[in-house]
Structures are given as structure tokens and as C-alpha cells.
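Visitor: Build me a structure from this.
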Amino acid sequence: MLMKSKNELKKNKGGRIPLIDPAKNRHVFYLNDADELRFIKLFHQSRAKNKSQFITSCLFSNPVKVVEIDKARTDYYMRLTTFFDQFRGIGHNYNQLIKLLHSNFSEKKALAFLYKLEQATIELVGLNKKIIELTQEFQQKYLR
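Guide: Residues are numbered from 1 along each chain as shown. Coordinates of the predicted model:
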């Protein structure tokens, strides 16, 4: 009869697989109410899985991710982007309109309509400059 080792005789009783290097040392610290609020705020901003992971990353100088999402900035940027897309759409319609004016109207009528269109285009150019200025200002202030 073959001799079986002690490990082979033990049956698997189930449960968790034991960790190679378990964390068994515990440290306790106390915070006042103001520090607790600040700690919780930083913890939520870091999006760490649990508080112990957050604390160890802070203690051992691992980079702590703090993600701050400002809804107002996001909304402003989205609206500015859609406004610029609409401006580009106007440019596309502008080209089609000029083709239609030259093909469907006499030269005098086409020139009269083109003059009105030119005035509207000047206003659009001013708006586009404002869009570009606001975008650059937004990038300088908030997107570093």
C-alpha cells in the first residue's frame, strides 16, 4: 500500500482561497467632524474601491485619483459644441443657397439676395469669432 502525505489526506472543505500575504495588521485613528467630512469627500472623489485602499494609497504616496465633474462646465461645453455644429450646418446650407440663386433667378435679383445674404454672413462671422473666443477662454480656465 502506498503512503499518502498529510495534505493529500485532507479533503477540500470549501470556502475562500487563502491569500498569500494576508493583511492582518490593523491601525485605528480618530477624526473630528470637519476632518471626517473632508476625508469622505476625498474618498468619493478618488473612486477607490474601499476606504482602506484609499488610506494606504495616501500613506504610501501612491497617486490618488481625484475626479471632479462639474455639471455646469460639461453642459456649457456640450452646448458650445452643438452650437458650433449648427454653425457648420449653416455654412453647408449657404453653399447650396448660392447655387440655387444663380440657377433660378436673374442676375439682378440674385445680386440683391446675395447682398442680404452677405449682411447675414457678416453677423455669423462675428458670432463665430465669439464662439472661438469663448472656447479658448474655457480651455484656459478649466481644461489644464
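Visitor: Give me the domain ranges for the protein.
Guide: Here the chain is described, according to automatic domain parsing, as comprising the domains 31-68, 71-142.
Visitor: Quick one: closest of those to residue 20.
Guide: The minimum distance between residue 20 and the domains of the chain falls on domain 31-68, with 17.4 Å, by CB to CB. In short, each C-beta sits where N, CA and C put it, glycine included.
Visitor: buried set for the closest one?
Guide: By 16 or more other CB atoms under 10 Å, the buried positions in domain 31-68 come out as 43, 46, 48, 54.
Visitor: For that domain, give the mean pLDDT please.
Guide: If you average the pLDDT over domain 31-68, you get 82.
Visitor: for that domain, the distance to its chain's centre please.
Guide: Counting by CA atoms, centre = their mean, to the nearest Å, domain 31-68 is centred 21 Å from the centre of its parent chain.
Visitor: go on, stretch 95-115?
Guide: Per CA atoms, centre = their mean, the displacement of stretch 95-115 from the mean C-alpha position of its chain is 45 Å.
Visitor: I am assuming residue 117 contacts residue 93, so please confirm or correct that.
Guide: No: shown here, residue 117 and residue 93 do not form a contact pair, counting by CB atoms under 8 Å, at 10.8 Å.
Visitor: higher neighbour count, the two?
Guide: It is residue 117, of residue 117 and residue 93, that has more neighbours when counted by other CB atoms under 10 Å, with 15 against 9.
Visitor: Got the confidence number for the residue nearest to the more buried one when sequence neighbours are not counted?
Guide: Leaving aside its chain neighbours, residue 117 sits nearest to residue 97 (7.0 Å; criterion: CB to CB, 6 or more residues apart in numbering). pLDDT, residue 97: 84.
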